[in-house]
Each structure stands twice: as C-alpha cells, then as structure tokens.
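Asks: fold the following for me, if possible:
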Amino acid sequence: MEAKGLFNVARKEFIGHLTSKKFIVILGLFLIISALAMHQGMDYYNNRLENYKEQISQIKDVEGIEPGYMPEKPTIMLVFMFMSSYIMMLGAILAIAMGFDLVSKEKETKSLKSLLSCPVFRDEIINGKALGGTLALVFAMGTALLISLAMLLIFSIVPSMNELATILVFGIVSIVFLLAYFAIALMMSTVSGDSGSALIYTLVIFFILGSLLPLVGPTVAGMVTGEPPERPAFHIQHETDESEGPSIKEVSEEEMQQYQEELRAYWEKRRPITEAFNIISPNMNYQKISFLISNPQIYSAVYEQSSPFTSTGYFTGGGEAPGLQEVLGKVWKNILALIIFSVVFFAIAYVKFMRLDIR
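Replies: From the prediction side, this is the model:
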C-alpha cells in the first residue's frame, strides 16, 4: 500500500460524499434537528440556572447548611444532553447511508473491475473508502458542533476552557459512535451482493444493537435475579380496649436497614447482567458516555449507587460534580467498546474485500 494511492482514493470518496444528494439531504436534516435540540437544551439550561439562582438567594440567610445539600450549579453541557439523543438516531442513519453502498454499488455497476485495473492496490481502495467516509463524518459532526457553539454565543452563553474541552470530547465520542455504524454498513456493503441487501442487513443489525439488546438485558436480568425485595409494610395493631381503634406501628429502623441492604445486594447482582448486554450495544455505550459527560452529578447520584436509593433510602443531590478526567475514567470501557466495534467490522470488510472475486 502506498500513501499516494490511499489519499487519492480517500479524496475521491470524501468529495463524492460531500457532493452526494443523499449525504446533503441527511446532513441538512441532521443539522436542523441538532439546532432544534440545542434550542430545546438552552431553554432547559436557562430554567435550571434560574432555579439555581433562586435557591441560592433563599439559603443565603440560613445557617448550618451542609455542602452536600447545596443546590447544584447547572453546566452548559446540559444543552448537549438533548443533542446526543438525535445523534444516536439520525446520526447513525447518516453513517449507515454513507457506507451501505460503498462497495456493493461498484460491484453492481461493474466499475470495481476497472478501478482495480488502475495502478492502485486493493488495500488502498478499501482503506481509502474507509478514510474518506471517516473524514465526511468528521466534517458532519464538526459542522454540527460549530453551529452549536454559534448558537451558544448568540444566546450570550460563553463556555469556559474546561467546558470547551468537554465539548471537544463529546464531539470525538460522537464521531467514534458514528464510525461504529459506518463500519457495520461498510462491512455489509462488502459482504452483500447488492446495495439493497446491504441496506436491509445493516438496518436489521441497527435495530438489534440499538433497540433489541437494551430490552433483552433487563429482561434476562429480571429472570436471573427474580423480583426485588419487598419494602417493609406498616403494621396495624388492634387495641384490647374497645374504646380505642386500631393503631399503626411504624417500621423499625432495623427492618428498614435490612431492606436497604437487601435492595442494594439485589441491584449489585442485577447490574452486571444488564451491563453485559449494554456493552455490546453502540447506542447504550454512547448514551451512557454522553449522559455522564453532559450531566455527571446526576449520573453519579443515580447510577453509581448500588441501588436507586442512597444509604438513607432517599435520593440526595448536591456535592461537587466529577471533572472530565474522572468522567472519562468511569466510561473508558464504553469508549473502548465503541472503538472495538469499529475495528472489528472494518477488519471483516477489509479481509472480505481483499479476497473478493472480481470478474
């Protein structure tokens, strides 16, 4: 493989994507919906900011407030929480649309044989197609982020350096997610005999990985772990004196503590089973990463507990949210899973293309 041939194929594919009507239409819809999601997210951010200011003004004169019960200051990354849901759906469709006919279309039009007759190696063709598609996805995601930053500045929201770094990480993770489905589409385009079959097979895989597995995981976990422990009920005692009616006996502290321990053990047993299914779903991996990046404090309070409850049995917010480095430390397995997805499916496409019988 020579770098010149690789970059020539990559440049041809990149320009082909940017001038394709299919790419332009889907990219336009992607950018419009992303802009609408940003507008929705900014409304949510502004409402959270107003509530934060109101809570701060109310507790200024109150003494003895513990730090863990101080209200949480919202971050502008909440805006991107709304954007990630549209990337997970429409962005994946854009990646699939770019890859499902890269090889199959050339097989149908018999142009692959003439392409291989040129002074270019097979590995340069498949690697160039992958590189050109990757650059097109980077262009699409970069454009969406630039529009998002422009909208933030229009609404007089200026990100800090830490927030800019977090937005950059969000963009990189989004590209890695899109590459997972692009690699699946490219693999099916190489394996299938025509573009129609490649598209159908890719959409079936998209449905299984994106919708079916997240439903199967909790179902299997429920079958293995059974029903959660029942919450202790209040006891009704009937008085011997007929002049007085029945009295309600409250749940003892020991019973409640035992219930909390059983519930925590139940969720600790259930969570690995669910995560085993979620880790092989690009959608669930991206959802976890993007949600933690955009709202780390809420995620830590809900998902980092052994159960949906705290040690006292109630959800408590507050406290300092984890930084970007700590966030990445919590989701590195999910990021690695997305990378492995792209590498594995591209490797299959590469091997199949290198052995492809061109006649």
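Asks: quick one: the strands in this protein, in order.
Replies: Along the chain, the segments classed as strands by DSSP state E run 235-237, 247-249.
Asks: now the last one: mean pLDDT?
Replies: By that I understand strand 247-249. Average pLDDT, strand 247-249: 55.
Asks: repeat that for the first one.
Replies: Over the span of strand 235-237, the pLDDT mean works out to 54.
Asks: what's the answer for stretch 294-314, then?
Replies: Taken as a whole, stretch 294-314 carries a mean pLDDT of 51.
Asks: repeat that for stretch 124-132.
Replies: 87.
Asks: then stretch 12-28?
Replies: 85.
Asks: again, but for stretch 178-189
Replies: The average pLDDT within stretch 178-189 is 93.
Asks: could I have the CA atoms of that stretch written out in PDB?
Replies: Only the C-alpha atoms of stretch 178-189 are listed here, as PDB (Å, rounded to 0.1, in the frame of the first residue of the first chain):
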ATOM      1  CA  LEU A 178     -20.900   7.200  14.100                       C
ATOM      2  CA  LEU A 179     -17.900   5.200  12.900                       C
ATOM      3  CA  ALA A 180     -19.300   2.100  14.600                       C
ATOM      4  CA  TYR A 181     -22.400   2.100  12.300                       C
ATOM      5  CA  PHE A 182     -20.300   3.300   9.300                       C
ATOM      6  CA  ALA A 183     -18.100   0.200   9.800                       C
ATOM      7  CA  ILE A 184     -21.100  -2.100  10.000                       C
ATOM      8  CA  ALA A 185     -22.500  -0.600   6.800                       C
ATOM      9  CA  LEU A 186     -19.200  -0.900   5.000                       C
ATOM     10  CA  MET A 187     -18.900  -4.500   6.100                       C
ATOM     11  CA  MET A 188     -22.400  -5.400   4.800                       C
ATOM     12  CA  SER A 189     -21.600  -3.500   1.600                       C
END
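Asks: tell me which residues of that stretch come out buried.
Replies: Across stretch 178-189, burial judged by 16 or more other C-beta atoms under 10 Å covers L178, L179, A180, Y181, F182, A183, I184, A185, L186, M187, M188, S189. C-beta coordinates here come from the backbone N, C-alpha and C atoms, glycine included.
Asks: thought A97 was touching the fourth one, still the case?
Replies: No. When contacts are counted by C-beta atoms under 8 Å, Y181 is not listed as touching A97 (9.9 Å).
Asks: list of residues touching stretch 185-204?
Replies: Here stretch 185-204 makes contact (C-beta atoms under 8 Å, 6 or more residues apart in numbering) with 95-105, 107-108, 126, 129-130, 133, 181, 184, 205, 345-346, 348-349, 352-353, 356.
Asks: of those, grab the buried ones for ChimeraX.
Replies: With 16+ other C-beta under 10 Å as the criterion, this ChimeraX line picks the buried residues out of these:
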select :95,96,97,98,99,100,101,102,103,104,107,126,129,130,133,181,184,205,345,346,348,349,353
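Asks: just the contacts of stretch 185-204: which are in helices?
Replies: Those of the contacts of stretch 185-204 mapping onto helices are 95-99, 104-105, 107-108, 126, 129-130, 133, 181, 184, 205, 345-346, 348-349, 352-353, per DSSP state H.
Asks: those helices in the stretch 201-350 of the chain, which residues are they?
Replies: In the stretch 201-350 of the chain, the helices defined using DSSP state H, counting those that start in this stretch lie at 213-225, 253-278, 282-294, 296-303, 324-354.
Asks: including distance to L146, could the ones you listed go into a markdown table?
Replies: A markdown table is the format used below for the helices of the stretch 201-350 of the chain (distance: least, C-beta to C-beta, whole Å):
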| stretch | distance to L146 |
| --- | --- |
| helix 213-225 | 31 |
| helix 253-278 | 31 |
| helix 282-294 | 18 |
| helix 296-303 | 24 |
| helix 324-354 | 21 |
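Asks: with M81 as the reference, name the closest of these.
Replies: helix 282-294 (3.8 Å; C-beta to C-beta).
Asks: what angle sits between that closest one and helix 213-225?
Replies: 90 degrees (axes from the mean of the first three to the mean of the last three C-alpha atoms, to 10 degrees).
Asks: so how far is helix 282-294 from its chain's centroid?
Replies: 3 Å (C-alpha atoms, centre = their mean, to the nearest Å).
Asks: identify all contacting residues around it.
Replies: In contact with helix 282-294 (C-beta under 8 Å, 6+ apart) are residues 75, 77-81, 84, 87-88, 92, 166, 169-170, 173-174, 177, 180-181, 209-211, 213-214, 278-279, 299, 324, 327, 330-331, 334-335, 337-338, 341.
Asks: what subset of these is buried?
Replies: 75, 77-81, 84, 87-88, 92, 166, 169-170, 173-174, 177, 180-181, 209-210, 213-214, 278-279, 299, 324, 327, 330-331, 334-335, 337-338, 341.
Asks: any low-confidence regions in the stretch 251-359 of the chain?
Replies: 251-252, 297-322, 357-359 (pLDDT under 70).
Asks: G196: neighbouring residues, count only.
Replies: Number of residues near G196 (other C-beta atoms under 10 Å) recorded here: 13.
Asks: now swap in V9 and tell me
Replies: When counting by other C-beta under 10 Å, one arrives at 23 neighbours for V9.
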